[in-house]
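Peer 1: A structural model of the following input is requested.
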Amino acid sequence: MNLPARVDGFRSRKRRFFRGNARTFNIAAYALLAASMFYFVVHPTTRDALPAMRDFVSPYSGARCLLSGCNPYNLEQIQVEFRSAGGTEAAHAPWLYEPPVYPPSALLVLTPLARMPYPLARRVWRALSILCLFAGMCALTRLRGGRERTIVTLFLAMLVQSTAVKGLIYIGQPTAVAIGLAALAYWGLSRKPQAIFPVIALALSLALKPQLAGLIFLALLPRRLSRRSTLCAAALAFFLLFAGSAWLYAHPASRHWRQDYKLQIEGSIHLPGVNDPTWKAPHGSDMINLQAVFAIVDKPAFYNTAAWLVAAPLLLLWTRLVFRTNVFRTNVFRTKVSEPGLSEQELSEQDLFEQEKLLALAAIVCLGMLPVYHREYDLPVLVFTFPALALLLRRLNVISLSLFFLISLLLSTAYRQMQFLKLVYSPRFVHALPPMRLRVLLIGRFHPLLLTAIGVLFLAAMFAAMFRRPSPNAQAKRIAAPGLRTKPGLRTN
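Peer 2: Numbering: from 1, shown residues only. Now for the predicted structure:
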C-alpha cells in the first residue's frame, strides 16, 4: 500500500473515531468547563492590590442617586449615597480612577440592586456576573456540533482560568453581564429569530455596555430573519436611555446632568484621568483601542484621527465582504446539523453558510473595538471568536495557527501590562532598547496591535471562504434542475 492510501485510511479511521465518540468528548469538555468555573468561584485569586468590585461602586452609587433624586454625575452626591448604603472608603478605588461615566440606561437597569445595601448588592452582582458569563459561554458552545463544539468548550475552560476573566469578575465590571447577555441573545436569535427573551437580553446588554454589545448588534443586523428582532432590541435599549434621561430631568438636583456627564468624560480622558491614552498616562497601557498606539504623539486630534483612518477601511472592507457573502443574501440554512434528507453537496453548502456567519461575527468583534474606547476588561468578548476559530482549526494552515497563537497571547497577557512596563523604565534595558516612546509602544501597548492583526486575519479567512462557496449561477442551475426533492427543515434567512 502506497503512502497516500495509508494517509487516507488513517484520516478515515480518525474521522470515524471522533464521530463515534463525539458525545463523550462533549460531556468531558463540559465537565471541565464546569469544574473550571467552580474552582474560580471558590478560589477567586488575583494579584490586584486595589479593592475588589471597585468598578461596581460607580454605577451602583449612580443608580442610588437615580432613586433618591440626586445627580449621579456629581462626585460629592454619589459619595454621600455610597456611604449611606453601607460603603466605606476602603471598599472603592479613588474616585479619580472610577469616574461616573455610565449612561442613564445602565443606571436604570441597576436600580433593583440599588435598593439593596452595598455589602449585599456586591455579592448579588458577583453571583449574577458569574451566572450570566457562564450561561453565555454554554450558549456559544451550542453554535456548533461534534468535534468543533468540544474545541470551543475547551477554549472556554482555559479562558475561565485566565487573568482576563479573573480580573473581570474581581473588579465587578458590568462587562461580564453584558457579554453573557449578548451571547445568550446571539444564540437565541440564531435558533429562534422571533423569540422574545433574546430581544430583552440584547436590549439589556446594549443598555449596560453599548460600545460592547453594539458589536453583536452589527453582527446580527444583516440576517433577514433576525433583523426585525435586532432592531426591536435596539429600540428597547433607546427606550431605556430615554426613560433614564427623563427621570434625571424630572428632579431639580439632576436637571443639568448632561453638562456634568460631559465634564466627567472630558476629565477622564485627560491627565491625570484614568482614560487618558497618552504615553505618559499610568493607565494608558490598559487600553486596547488604537488610540493607545497613536497616542505616542500627545495630540488628541492626531491619535483619534489616526485610529479612525486605520479602522475605517477595515470596517468598510468587512461590510463589503458581508455584502458579497450569503450573510446578507437570501439563502437557506438548517437549525439542526443532523436533519435528514440532504445530500453531501447541500451539507457542504450549509456548512459554508454557517462559516461565513461565524467569520463575520469574529471579524466585527475584533475590528469594532479598534476605534472606540475599550479596556483590558473587555477582552473576554473574544469568546465570540471561538466558534469561528474552531472551524478554521479543522484545516491547520497559516491563518488558523496564527489566529490560535495571537488570541492565546492576547488573553494570557491581560492585566499584566504593568509588569511589561517595568522593562520600559528599568535601568538595565535603558541603553539596549529604543527611545522611550517607542519602548512604551512595543512593550506596553502591544494589545491593540495584536487585536488589529487578529481582525485582519479573520478578514482574510472571510475572503478565502468566498472562493470555497459555489457561484450564484451554479446554485440557480441546481435549484432549477428537474426532479429536485423538497428539503425538509430549510428556511430562508
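Peer 1: give me every residue that touches residue 295.
Peer 2: Contact partners of residue 295, counting by Cβ atoms under 8 Å, 6 or more residues apart in numbering, are 277-279, 281, 284, 303. All C-beta atoms are positioned from the backbone trio N, CA, C, and that covers glycine.
Peer 1: Try it again at 6 Å.
Peer 2: Residue 295 sits next to 277-278, 303 when contact means Cβ atoms under 6 Å, 6 or more residues apart in numbering.
Peer 1: Look up the pLDDT of the residue nearest the centre of the chain for me, please.
Peer 2: The centre of the chain sits closest to residue 381, judged by Cα atoms, centre = their mean, with a distance of 2.1 Å. Note on residue 381: pLDDT of 92.
Peer 1: Surely it is in a helix?
Peer 2: Yes - membership of residue 381 in a helix is supported by DSSP: H, G, I helix; E, B strand; the rest coil.
Peer 1: so what's it up against?
Peer 2: Residues in contact with residue 381 (Cβ under 6 Å, 6+ apart) are 179, 365.
Peer 1: And for the one 10 residues further on?
Peer 2: With contacts defined as Cβ under 6 Å, 6+ apart, residue 391 is in contact with residue 355.
Peer 1: Now do it against residue 400, distance only.
Peer 2: Residue 391 sits 9 Å away from residue 400, going by Cβ to Cβ, to the nearest Å.
Peer 1: Pull out the buried positions in stretch 152-171.
Peer 2: 152-160, 162-171 (16 or more other Cβ atoms under 10 Å).
Peer 1: what do you get for stretch 188-201?
Peer 2: For stretch 188-201, by 16+ other Cβ under 10 Å, it's 188-190, 193, 198-201.
Peer 1: Identify the farthest-apart pair in those.
Peer 2: Taking every pair in these and measuring Cβ to Cβ, the maximum separation is 16.1 Å, between 190 and 200.
Peer 1: low-confidence ranges in this protein?
Peer 2: Residues of the chain meeting the criterion pLDDT under 70: 1-26, 30, 37-51, 272, 326-351, 415-444, 467-493.
Peer 1: Mark out where each domain of it begins and ends.
Peer 2: Domain assignment for the chain by automatic domain parsing gives 42-268, 273-493.
Peer 1: picking up where we left off before, tell me the one of the contacts of residue 295 nearest residue 371?
Peer 2: Of all those, residue 303 has the smallest distance to residue 371: 10.8 Å, by Cβ to Cβ.
Peer 1: Skipping adjacent residues, who's closest to the closest one in space?
Peer 2: Excluding the flanking residues, the one nearest residue 303 by Cβ to Cβ, 6 or more residues apart in numbering is residue 294, at 3.8 Å.
Peer 1: Check the burial of that neighbour by counting its neighbours.
Peer 2: Neighbourhood size, residue 294 [other Cβ atoms under 10 Å]: 21.
Peer 1: 7 is where my numbering starts, stick with that
Peer 2: From this message on, residue numbering opens at 7, which makes the last subject residue 300.
Peer 1: could you list every residue that touches it?
Peer 2: Counting by Cβ under 6 Å, 6+ apart, residue 300 makes contact with 309, 312-313.
Peer 1: This completes my enquiry, with thanks.
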